[in-house]
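Q: predicted coordinates and the sequence they were generated for:
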Amino acid sequence: MSAALQLSNVTKFYGTFKAVDDVTFSVEPGCICGFLGPNGAGKTTTIRIILDILKPTSGSVTLLGHSSALDVRQRIGYLPEEKGLYKKMKAWSVIAYFATLKGLNRKTAKRRAYELLERYGLKDFGNKPTDALSKGMGQKVQMLASIAHDPEFVILDEPFSGLDPVNQQVMEEIIHDMAKRNRTVIFSTHVMQHAERLCDRVILMAKGKKIFDGTIAEAKRVLPRRVRIETEDDIAAVRRMTDVLSIQQVEKTNGEVHKNGSSQWELELRENADPQAVLELCFDNKIRLRSFNQSEPTLHDVFVRLVGPEAKEASFR
Amino acid sequence: MKFAMLVAWREFAESTKAKGFWISIFLMPTMLFFSIQAPIWLEQKATPVRYYALVDQSKTLAPAIESALEKNYQRRVLEALGEYSRRYSAPQSNSAANSLGLDNDGEATTRSLDSFIAKGGKDAALERLKPQLKSDAPAFQSPRRPYQVVNLPPDITPDSNLPAIADALKPYLRGDKQIEFNGQPVALSAAILIPSDIESKVVRPQTNHASRFTHHALTETNSPASLSTIQFWSINASDPRLHDDIEHAINSEIRQREYATRGLDVTAIRQVEQTYAPFATLNPKKEKGKEAVSTADTVRQWAPSAFVYLLWLAIFVIVQMLLSNTIEEKSNRIIEVLLSSVTPGELMMGKLIGIAAIGMTMISAWMLAVFGILSWKAGGASVLAGQMLGVLKSSNLIPLFSVYFLLGFLMYAGFILSIGSVCNTIKEAQSYMSVLTIVMMVPLLTMTFIPKDPNGGLARLLSWIPLYTPFTMMNRAAADPPLIDLIGTLVLLVGTTAIALWMTGKIFRIGILRTGQPPKIVEMIRWALRRDS
């Protein structure tokens, strides 16, 4: 099956500033793909290029088999990063208007608008002008407006920003619903938990470049596995293990006293190493453990590790 | 095109929900209605009868004043009768007004007034008009007297010295006290005090010593000189009519006496005073035998100015609408969603069509209202309304107006869309708008000059500047401008509008997604001229 979206060597200059730098990736149909990266990484520019709102300086985009998104605009849904609605229009009417721009006839568009409002808990607000809605509600209305025509391919730029946890859940539900119907969803976010919960794949960008592209599991493997142990004994034997890349003593935090003068150590293990081996070694060497803790890195850890320095730099730029 | 029409429909539907749209629709007809109706109301109701006291210690001028004021009143009665007969005469007898001897504008001449009085005044004239009136004509209502003389209050004797009388009258004039007329307390608005020795104070060109006639408002201090003049006391300095009428009456009387004193033939002099050469203004462009220029022609000459104003107002109002909703879409980023659904070209065209439809609706409503009000008023109360209606029906002003509105709107809309697309807030747009507003002020400033010399240098020059073509050519519409001007400027205007829209398309596409500081005008021009990448 051909990719729903294919970017090949896409580069975009604003004057002399390179906003997108030779980006290549593809997204398979029916996949939920997280598009991650710090502020100023080039995500929004890439999204605009995908939508053919902006022309790339070089490189090409193929979306649903067409070279311009405008050729297939009726099959695409888009929620931009900065949210806004026509203030005086009623909620249903905004949804229906955008749906008609996507090719639905007026009657169907109106029916779809009411259906969606009802399904996602906004039934009572359908006839209110959008400036009478709360920010979260407005954002949901805009989300519904972008998917009212049941698009095959949906691009959501920061769909969770500014939403309370309950509404974030509703938003996740909307995305899940689409995925269930085999729609392709690509969304950008700063909140890694959402990406972790929703995405089949993540693409990470920084400074205009793609720096990671793969599944969540693959992303987590980027970071060495960590094990935390607490003991009052000497851990020289552990240090000698070949699977241990590094050992660092965890400094006591304020107000916390390790019992009986014990110390905490964080071990970084080689890729594919088994944490159980550390436990066995301690047992064999009579190292008495007060605690043993093995944890997977989170996507957040991966993100910070991969883009941490750039993110800081970008925020000062 | 389908998508452009969807955008246009939304623009139209949403704008018609805005209060501003309805205010614009109703404001203009309301203003027109009041500008026609207000003078009528003022005439009928608003000006109260003004009561005045007359103290004539010379005992010679009071009758002359009263008869002169009476004659002025009879003039009003005669003119009201003319209006009445014009309104209620049976259709076949349009000579009713003429039988009163009024001129074409319904005004009384000295001769017709004398004849009206001599023939017995209102009652006799009504008697003569009766056969020509429609059977359902209501009874004639005489106009109210504008002035009414009142007697002095009982505590003031007319023979005491004038300063004492003036002092005693001041509380009445200031409104602290009210004077009695027909048993009703009324406000005294003026007092005229004539000293007994006024005859000796009359200014004669040969004499040097005499004092001068003057009037003194209450705010002035009493100088010794004023004691020997005729004094006109009043706190109302803004309405000079009573003062002027009385001064005119006294001076006429003084001159009559002077003629007699000098042994001149008063009748001969009156005849000489009424002698005149008939004078007609003719226009060679008019049909043979109908070359005389009438008030209707003056209306025809000036009517285009009203259209220029309307054109200006309509364009200004709706380009503002276009600006604010472009900036709305841009500032809250709806634009991005729109651009993922429609091309910038479709979006721009949709906005232009939508707003043009709003403009057309607005001016159609105005036109209907203008026709409605003029037709309603033309029947009776307003001669001017009838003439205006005639001009509108018989000229090509309305089709021209529609053409110039559409082209003018599209050209200015181009500029506005360029501005709107690069600005994120109305505030940012203001600096560009102030330039455009100044540019747009020129037609308003020249509006009154152009009809005076509609085919002159200034008019022609402005006509050939596309920015001003719609306004200036509209202004010249009644003066049959040369064909080269009419067609040449139209072609130039169409071309300029097309170029403006083409350049706007390019600026719009770049500007609409830009955030941050708006670009300099030079930069925008560079975008417009840049080849597509």
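A: Arrived safely. Numbering: from 1, shown residues only, chains lettered A, B, ... in the order given.

Q: alpha carbons only for contacts and neighbour counts from here, please
A: Will do.

Q: pLDDT score for the closest residue to residue A:215 other than its chain neighbours?
A: Leaving aside its sequence neighbours, residue A:215 sits nearest to residue A:201 (CA to CA, 6 or more residues apart in numbering or on different chains; 4.3 Å). On pLDDT, residue A:201 comes in at 90.

Q: for residue A:201, give me its contacts.
A: A:31, A:32, A:33, A:34, A:213, A:214, A:215, A:216 (CA atoms under 8 Å, 6 or more residues apart in numbering or on different chains).

Q: could you pull out the strands for the chain?
A: Since no chain was named, I'll use chain A. Ranges of strands in chain A, per DSSP state E, are A:5-14, A:17-27, A:32-36, A:58-63, A:76-79, A:153-157, A:184-189, A:201-206, A:209-215, A:225-231, A:244-250, A:263-269, A:289-295.

Q: the intended chain is chain B.
A: Using DSSP E, strands in chain B cover B:50-56, B:147-150, B:179-181, B:184-186, B:188-194, B:231-233.

Q: returning to what we had before: columns neighbour count on top of the contacts of residue A:201, output as a markdown table?
A: As requested, the contacts of residue A:201 are exported to a markdown table (neighbours: other CA atoms under 10 Å in any protein chain shown):
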| residue | neighbour count |
| --- | --- |
| A:31 | 19 |
| A:32 | 25 |
| A:33 | 24 |
| A:34 | 28 |
| A:213 | 20 |
| A:214 | 15 |
| A:215 | 17 |
| A:216 | 21 |
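
Q: make TSV from those and add pLDDT to it.
A: Shown next, in TSV, are the contacts of residue A:201 (pLDDT from 0 to 100):
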residue	pLDDT
A:31	90
A:32	92
A:33	93
A:34	92
A:213	89
A:214	89
A:215	89
A:216	86
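
Q: just tell me which of the strands of chain B ends up closest to residue B:329.
A: strand B:50-56 (60.4 Å; CA to CA).

Q: helices or strands up against the closest one?
A: helix B:62-88, strand B:147-150, strand B:188-194 (3 or more CA pairs under 8 Å, 6 or more residues apart in numbering or on different chains; DSSP states H and E).

Q: got the angle between that strand and strand B:188-194?
A: 20 degrees (axes from the mean of the first three to the mean of the last three CA atoms, to 10 degrees).

Q: neighbouring strands for strand B:50-56, and are they parallel or not?
A: As defined by DSSP bridges, the strand partners of strand B:50-56 come to strand B:147-150 (parallel), strand B:188-194 (parallel).

Q: ok, now how distant is residue B:481 from chain A?
A: Counting by CA to the nearest CA, to the nearest Å, the separation of residue B:481 from chain A is 47 Å.

Q: and for the nearest residue to that residue once chain neighbours are set aside, the neighbour number?
A: Distances taken as CA to CA, 6+ apart place residue B:455 nearest to residue B:481, at 6.2 Å, with adjacent residues excluded. Residues within reach of residue B:455, counting by other CA atoms under 10 Å in any protein chain shown, total 19.

Q: from memory residue B:455 sits against residue B:478, does it?
A: No - if you go by CA atoms under 8 Å, residue B:455 and residue B:478 don't touch, sitting 10.5 Å apart.

Q: report whether stretch B:419-433 contacts chain A.
A: No - counting by CA under 8 Å from any CA of the partner chain, chain A is not contacted by stretch B:419-433; separation bottoms out at 13.2 Å.

Q: any idea how far that stretch is from the chain center?
A: 36 Å (CA atoms, centre = their mean, to the nearest Å).

Q: what's in contact with it?
A: Taking CA under 8 Å, 6+ apart as the rule, stretch B:419-433 contacts B:323-324, B:326-328, B:330-331, B:507-508, B:511-519.

Q: what do you get for stretch B:9-29?
A: A:88-89, A:97, B:317, B:350-351, B:354-355, B:357-358, B:362-363, B:365-366, B:369-370, B:373.

Q: in helices, which of these appear?
A: Judged by DSSP state H, those include A:97, B:317, B:350-351, B:354-355, B:357-358, B:362-363, B:365-366, B:369-370, B:373 as members of helices.

Q: residues of chain A that sit close to chain B?
A: With the criterion set to CA under 8 Å from any CA, chain A comes near chain B through A:51-53, A:69-70, A:73-74, A:78-80, A:82-86, A:88-89, A:97-98, A:100-102, A:146.

Q: residues contacting residue B:238?
A: Taking CA under 8 Å, 6+ apart, we find residue B:238 in contact with no residue.

Q: for it, give its distance to residue B:231.
A: 17 Å (CA to CA, to the nearest Å).

Q: hmm, what's the outermost residue in chain A?
A: residue A:286 (44.5 Å; CA atoms, centre = their mean).

Q: what's the spacing between that one and residue B:329?
A: For residue A:286, the distance to residue B:329 - CA to CA - is 71 Å.

Q: and the residue of chain B closest to chain A?
A: Closest to chain A within chain B is residue B:332: 4.5 Å, counting by CA to the nearest CA.

Q: care to break chain B down by domain?
A: Per automatic domain parsing, the structural domains of chain B span B:2-37+B:294-529, B:47-273.

Q: ok, of the ones you listed, where does mean pLDDT dip lowest?
A: Among these, domain B:47-273 has the lowest mean pLDDT, at a mean of 79.

Q: still on that earlier bit, including distance to residue A:65, could the domains of chain B go into TSV?
A: Below are the domains of chain B laid out as TSV (distance: least, CA to CA, whole Å):
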stretch	distance to residue A:65
domain B:2-37+B:294-529	17
domain B:47-273	78
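
Q: so which of these is the most packed in?
A: Of all these, domain B:2-37+B:294-529 carries the top mean neighbour count, a mean of 19, counting by mean count of other CA atoms under 10 Å in any protein chain shown.

Q: how far away is residue B:312 from residue B:304?
A: For residue B:312, the distance to residue B:304 - CA to CA - is 12 Å.

Q: what do you get for residue A:161?
A: Distance from residue A:161 to residue B:304, by CA to CA: 57 Å.

Q: with residue A:92 instead?
A: Taking CA to CA as the measure, residue A:92 falls 46 Å from residue B:304.

Q: same check on residue B:11?
A: Residue B:11 sits 31 Å away from residue B:304, going by CA to CA.

Q: do you know how far residue B:396 is from residue B:49?
A: Applying CA to CA, the value for residue B:396 to residue B:49 is 46 Å.

Q: same question, residue A:268
A: The value you get for residue A:268 to residue B:49, if CA to CA is used, is 106 Å.

Q: residue B:193 now?
A: Using CA to CA, we find residue B:193 at a distance of 20 Å from residue B:49.

Q: go on, residue B:117?
A: Distance from residue B:117 to residue B:49, by CA to CA: 23 Å.

Q: cool, residue A:27 as well?
A: From residue A:27 to residue B:49 the distance is 90 Å (CA to CA).

Q: do the same with residue B:121
A: 22 Å.

Q: around the residue of chain A at minimum distance from chain B, count how many other residues there are.
A: Chain B sits closest to residue A:84 of chain A, with a gap of 4.5 Å, by CA to the nearest CA. Around residue A:84 there are 23 other residues, counting by other CA under 10 Å.

Q: residue contacts, the residue nearest to it when sequence neighbours are not counted?
A: Of all residues beyond its chain neighbours, the one nearest residue A:84 is residue B:332 (4.5 Å), with distances taken as CA to CA, 6+ apart. Going by CA under 8 Å, 6+ apart, residue B:332 touches A:82, A:83, A:84, A:85.

Q: the last one: neighbouring residues, count only.
A: Translated: residue A:85. Using other CA under 10 Å, residue A:85 is surrounded by 25 other residues.

Q: for stretch A:99-111, measure first residue to last.
A: One end of stretch A:99-111 to the other measures 11 Å (CA to CA).

Q: that one: which residues count as buried?
A: Under the neighbour-count criterion of 16 or more other CA atoms under 10 Å in any protein chain shown, stretch A:99-111 has A:99, A:100, A:101, A:102, A:103, A:104, A:109, A:110 buried.

Q: just stretch A:160-177 next, same as before
A: A:160, A:161, A:163, A:167, A:168, A:170, A:171, A:172, A:174, A:175, A:176.

Q: from residue B:414, how far off is residue A:165?
A: Residue A:165 is 45 Å from residue B:414, by CA to CA.
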